[in-house]
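S.K.: Provided below for reference: sequence and predicted model.
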Amino acid sequence: MGEDEAITALQELAFPYEMRRFQEVFEKGLRMAHYTTAENAALILKTKTLWLRNAQLMNDFSEVAYGTACLIAALQMGVGAQLETALNGAHPGLWNSIAEFINKVEWQSRTQTYLTSLSAHDPEDFLGRLSMWRAYGGPTSGVALIFKTEVFENDAGQLNTYSSPVAYGDETVLFSNLKEVADGLTG
């Protein structure tokens, strides 16, 4: 097995939800839409840059804390023990090493994460999801910039960035996603 095949196999085991969503985007020919003001869109096009925002400055920064709370709850629902057994079975002490690493970088992850919001967009949908814009845009003119997905498929290691779909839900949704990972590791 080559390096690329090994990386893909690991991604399929560790991130099955993400891999399915990326496959869906590819198969359906979806694009990515960034909803913003007309003024900001003009700046993006003029400077050829898309700025990211610190996660702590999001209009609903509690989403990050909510995600952490859902993770803790999902792990306590039993999937944590299954993951611990699977990981320690593959390499003794791996579970604790991962937990220590996560605890070590938790503050950095919380304070040094920058993001932008993109929505999957069907090219056949000429109206788009401007209803999303109306929820945030207020009285200003809203627009959607549509990006080809290839921009997000390239290796972004130079910038230390990556693209990841958001899984909306509560601790039961996260439990199901983590259970899938644990089952894949033990199956």
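M.R.: Looks like it arrived, so ask away.
S.K.: Name the residue closest to the centre of this protein, please.
M.R.: Ser164 (2.9 Å; C-alpha atoms, centre = their mean).
S.K.: Spatially nearest residue to that one (excluding sequence neighbours)?
M.R.: Using C-beta to C-beta, 6 or more residues apart in numbering and skipping residues adjacent in sequence, the residue nearest Ser164 is Glu18, 5.8 Å away. The C-beta positions use only the backbone N, C-alpha and C, and glycine is treated the same way.
S.K.: gap between the helix or strand hosting the one you found and the chain center?
M.R.: Using DSSP states H and E, Glu18 maps to helix 16-28. Remark: helix 16-28 is offset 12 Å from the chain centroid, using C-alpha atoms, centre = their mean, to the nearest Å.
S.K.: what's in contact with that helix?
M.R.: 11-12, 30, 120, 122, 149, 164-165, 167, 177, 180-181, 184 (C-beta atoms under 8 Å, 6 or more residues apart in numbering).
S.K.: Tell me the one of those residues nearest Ala74?
M.R.: Ala74 has its nearest neighbour among those in Asn177, at 8.1 Å by C-beta to C-beta.
S.K.: which ones are touching the closest one?
M.R.: Per C-beta under 8 Å, 6+ apart, neighbours of Asn177: Pro16, Tyr17, Ala167.
S.K.: returning to that earlier point: how near is the residue nearest to Ser164 to Gln56?
M.R.: 24 Å (C-beta to C-beta, to the nearest Å).
S.K.: related to what we said a few turns ago, next, count neighbours for the residue nearest to Ser164.
M.R.: Glu18 has 18 neighbours, counted by other C-beta atoms under 10 Å.
S.K.: Also Asn96?
M.R.: Counted with other C-beta under 10 Å, residues neighbouring Asn96 total 12.
S.K.: What helix or strand is it located in?
M.R.: Element membership for Asn96, per DSSP H and E: helix 94-111.
S.K.: Can you name the residues in contact with that helix?
M.R.: Helix 94-111 has contacts (C-beta under 8 Å, 6+ apart) with Asn54, Ala55, Gln56, Val64, Leu83, Glu84, Leu87, Asn88.
S.K.: Who are the contact partners of the last one?
M.R.: In other words, Asn88. Applying C-beta under 8 Å, 6+ apart to Asn88 gives the contacts Leu94, Trp95.
S.K.: now do 10 Å
M.R.: Asn88 is in contact with Leu94, Trp95, Asn96, Ser97, counting by C-beta atoms under 10 Å, 6 or more residues apart in numbering.
S.K.: What about those, which one has the most neighbours?
M.R.: Compared across those, Trp95 has the highest neighbour count, 19 neighbours, by other C-beta under 10 Å.
S.K.: Thanks a lot, catch you later.
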